[in-house]
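Asker: 3D, please:
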Amino acid sequence: MVHSGLASVRYHRGMANLTRADVEHVAFLARLGLTEAEMARLEGQLNHILEQYAILQTLDTEHIPPTAQTIELANILREDVVQPSISVDEALSNAPERSASGHFVVPAILGGEGGA
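Answerer: As a prediction, the model looks like this:
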């Protein structure tokens, strides 16, 4: 089924459909343990994707530059400007516990006490 304004476009199905063996091979490579029902659904979905690419191949892109964008690209990030920061004492002022060397002290999560 073709959607939107492409309904009148006829395309050549030169692209081969994936067979069940192809889908099984891809599932094996991806280490997917699929049921028969999942395999059948995936086969249909992958073939549908290939059909959509076949439709796209029929579109005239002669006058579209290869690097054309659908939206204008603009840098939305601010300039990276060095500014004064807060002091270590200010950063650690609300810490429940801190070390003598000026670091946050947090409970060990690996290996029990001491982190080993």
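Asker: hmm, which helix or strand of the chain has the shakiest average pLDDT?
Answerer: The helix or strand of the chain with the lowest confidence, counting by mean pLDDT, DSSP states H and E, is helix 88-91 at a mean of 89.
Asker: Am I right that Ala27 is in contact with Glu36?
Answerer: No - between Ala27 and Glu36 there is no contact under Cβ atoms under 8 Å: 11.6 Å. Glycine gets a C-beta too; all of them are placed from N, C-alpha and C.
Asker: out of those two, which sits in the busier spot?
Answerer: Using other Cβ atoms under 10 Å, the more surrounded residue of Ala27 and Glu36 is Ala27, with 16 against 8.
Asker: what secondary structure does that one sit in?
Answerer: helix (DSSP: H, G, I helix; E, B strand; the rest coil).
Asker: For it, which residues are in contact?
Answerer: Residues in contact with Ala27 (Cβ atoms under 8 Å, 6 or more residues apart in numbering) are Gly33, Leu34, Met39, Leu42.
Asker: The first one looks like it's in a helix, true?
Answerer: No - using three-state DSSP, the assignment for Gly33 is coil, not a helix.
Asker: What is the neighbour count of it?
Answerer: By other Cβ under 10 Å, 7 other residues sit near Gly33.
Asker: residues contacting it?
Answerer: By Cβ under 8 Å, 6+ apart, the neighbours of Gly33 are Ala27.
Asker: Look at it and report its pLDDT.
Answerer: In this model, Gly33 is scored at 92, pLDDT.
Asker: State the distance from it to Glu24.
Answerer: 11 Å (Cβ to Cβ, to the nearest Å).
Asker: cool, and the second one?
Answerer: Taking Cβ to Cβ as the measure, Leu34 and Glu24 are separated by 8 Å.
Asker: now the last one
Answerer: According to Cβ to Cβ, Leu42 and Glu24 sit 10 Å apart.
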